[in-house]
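sequence unknown, structure follows:
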């Protein structure tokens, strides 16, 4: 098949591109390189079945033209900075919701009928059922990021009903692994490079979080797309475990051989819209035969190893925050 | 209090304006008159505590300026044409989702902290629990209209969390009564004026629908706003009954003294995204002491009486569809 991948030069996107190519598919990668990295596509670009198209999901005409002839769209392009939503209140709306509408509209115009979408466990807000199943109660949104993704899911579903499309909606926990470029491990890593003796941690450290390795994530997406045929398919994607932030901190500091003083900012939530407990019920995805190969611990330590060898991927902002 | 009402010249909006003024509040009405009617504000405009501001919710600067000094926003401006969503796939996104973001952003900039929002029972898609409670399962959207409203709800909730606002989200069934300007009764009425002997009905007539009189609707909104103080408050608004479309047809034709041949287009749904059964659990709203005064039958017949005396409100489109 010919797969059109938005956010192809991003963390998850670039791994998905590699995986699709290794399985013999053709791939059109679409990225505006606002946060994507050229180097993440170094393998893909040597592949005859890969084509890179530079463009923004907000440029409907450009994307529509680039998408021509595709069989399926993997829509991964997004603003993924959950924490800073309130600093730029239009960013999530624009990049995640309106961007997804553009993807759907390009698909409708080009008669591409299948979409796989990277959503988030954040759409559940602060649930009271753990592990949280896909059909949990109508959630109340607590972040602009979560709101923008639930809006994108809704648009995808309405397009499926209205224009005879098929969708795979994946609600991710936080993803870790090689090419990891944003999130708490980078923040901690950048801090500890700057001042190895002290680590500032948002919240009280008791927040319980789930993480999934990017290899397990892309495996799950392809497993679902190849094995399920309903009109709208929603899957939680995570491991069957969670850890406290303080545990994650220990794995990170230990694997760096450091023993810093930990200074917690306090509070149940690390920031406005932070969810104190994320733990998703992934039975639906497991029923297709998929299961994660990496534990949270392995994923965390593997991510630190990756950062140690690839410090240039650490965003300037994280380096600034650390100083 | 000073209330800012978007869609102030619309069906529900204009009744809400009248009600607010009668209770001694000051009202700033905001409308672009794309579907609003000047005449609906005839009473309001004679009132010293009413000010009309012409403008579009998509014009953020204009709205922000008009909103200055308000205590609460009643956001009713919307595209309410559920049925034709697939004919203009950007309209619901723009007018309902982006429009709501603009309202929230204007509120944030002007430090207006309370919002009451006209949402819809359509956000439940095709639920399997009836009457459907507010905390039913995470719904799958079946219309662009429903998607645009669930997106707006999500934005409102995220703004409440991120910027310390308070919200009242009302999920309406279809509203009937004086100043009714779109929906199936107009479609049927326009048809029967054109050809009294035959009535074309979308679907098989077995769709089960709920309706609420506009007076009961505005009473409920004000009751909730005055009596509840949580951060996010969601209320279903409907009666404790429903009727089949064929029953509604009988009330309409009988009240017009007609006995047309009925021609059903067939199918469980009248159109793509139509919900075959809408029946909301309004116990939460009733627990505040509110209950509807009008039955569905009274509301349907009252609406026909209104149209008989106000045929000029029937949109050109409905007149065309009838011919």
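In hand now; what should we look at? Bear in mind the structure is a predicted one, so any value in this text is a computation, not a measurement.

Correct me if wrong: residue A:1 contacts residue A:24.
No. Taking CB atoms under 8 Å as the definition, residue A:1 is not a contact partner of residue A:24, at 9.3 Å. All C-beta atoms are positioned from the backbone trio N, CA, C, and that covers glycine.

More neighbours: which of the two?
residue A:1 (14 against 8; other CB atoms under 10 Å in any protein chain shown).

what's the closest non-adjacent residue to the more buried one?
residue A:71 (4.2 Å; CB to CB, 6 or more residues apart in numbering or on different chains).

Now for residue A:169, which secondary structure element holds it?
strand A:166-172 (DSSP states H and E).

Past that strand, which element shows up next along the chain?
Strand A:166-172 is succeeded, C-terminally, by strand A:174-176 (DSSP H and E).

where along the stretch 201-323 of chain A do the strands fall?
Ranges of strands within the stretch 201-323 of chain A are A:208-209, A:211-213, A:232-237, A:243-244, A:261-264, based on DSSP state E, counting those that start in this stretch.

wait, the stretch 1-150 of chain A
A:2-6, A:26-31, A:50-54, A:72-75, A:114-120.

so which of the ones you listed comes closest to chain B?
Chain B lies closest, by CB to the nearest CB, to one member of the strands of the stretch 1-150 of chain A: strand A:114-120, at 11.5 Å.

Does anything pack onto the closest one? Which helices or strands?
In terms of contacts (3 or more CB pairs under 8 Å, 6 or more residues apart in numbering or on different chains; DSSP states H and E), strand A:114-120 is packed against strand A:72-75, helix A:99-110, helix A:144-163, strand A:166-172, helix A:214-227.

Can I get the strands of the stretch 201-323 of chain A in a markdown table including mean pLDDT and distance to chain B?
Formatted as a markdown table, the strands of the stretch 201-323 of chain A follow (pLDDT from 0 to 100; distance: least, CB to the nearest CB, whole Å):
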| stretch | mean pLDDT | distance to chain B |
| --- | --- | --- |
| strand A:208-209 | 94 | 19 |
| strand A:211-213 | 98 | 20 |
| strand A:232-237 | 98 | 5 |
| strand A:243-244 | 96 | 23 |
| strand A:261-264 | 96 | 22 |
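
quick one: contacts for the residue in chain A that chain B sits nearest to?
Nearest residue of chain A to chain B: residue A:151, at 3.3 Å (CB to the nearest CB). Contact partners of residue A:151, counting by CB atoms under 8 Å, 6 or more residues apart in numbering or on different chains, are A:93, A:96, A:97, A:100, B:97, B:147, B:150, B:151, B:154, B:155.

and the last one, how many neighbours does it have?
Each residue near residue B:155 was counted by other CB under 10 Å, and the total is 28.

Then the second one?
Close neighbours of residue A:96, defined as other CB under 10 Å, add up to 26.

Residue A:197 now?
Using other CB under 10 Å, residue A:197 has 9 neighbouring residues.

ditto for residue A:84
That count, for residue A:84 with other CB under 10 Å as the rule, works out to 14.

Go ahead and confirm residue A:79 touches residue A:98.
No. Look at residue A:79 against residue A:98 with CB under 8 Å: they stay out of range, at 11.3 Å.

between the two, which one's more packed in?
Neighbours per residue (other CB under 10 Å) separate residue A:79 from residue A:98, with residue A:98 holding more: 25 against 20.

check contacts around the more buried one.
A:58, B:93, B:98.

what are the phi and psi values for residue A:136?
Backbone torsions of residue A:136, given as degrees, to the nearest 10, read phi -60, psi 170.

ok, now which ones touch the residue nearest to residue A:118 when sequence neighbours are not counted?
Nearest non-adjacent residue to residue A:118, counting by CB to CB, 6+ apart: residue A:76, 4.6 Å away. Taking CB under 8 Å, 6+ apart, we find residue A:76 in contact with A:5, A:6, A:7, A:8, A:10, A:12, A:13, A:16, A:118.

Skipping its backbone neighbours, what lies nearest the fifth one in space?
In this structure, residue A:10 finds its nearest non-sequential neighbour in residue A:36, 4.9 Å apart by CB to CB, 6+ apart.

Check the gap between the one you found and residue A:88 for me.
19 Å (CB to CB, to the nearest Å).

and what of residue A:171?
From residue A:171 to residue A:88 the distance is 24 Å (CB to CB).

Show me which of the two is the more surrounded one.
residue A:171 (26 against 12).

pLDDT score assigned to the more buried one?
pLDDT recorded at residue A:171 is 98.

Equivalent analysis for residue A:146, please.
Taking residue A:146 on its own, its pLDDT is 96.

Could you check the pLDDT of the nearest residue to it once chain neighbours are set aside?
Once flanking residues are discounted, residue A:146 sits nearest to residue A:122: 3.8 Å by CB to CB, 6+ apart. The model reports residue A:122 with a pLDDT of 95.

residues near residue A:39, how many?
Neighbours of residue A:39 (other CB under 10 Å): 14.

Same question for the one 3 residues further on.
The local packing of residue A:42 (other CB under 10 Å) involves 11 other residues.

domains for chain A, by residue range?
A:2-175+A:211-237, A:181-209+A:242-277+A:295-322 (automatic domain parsing).
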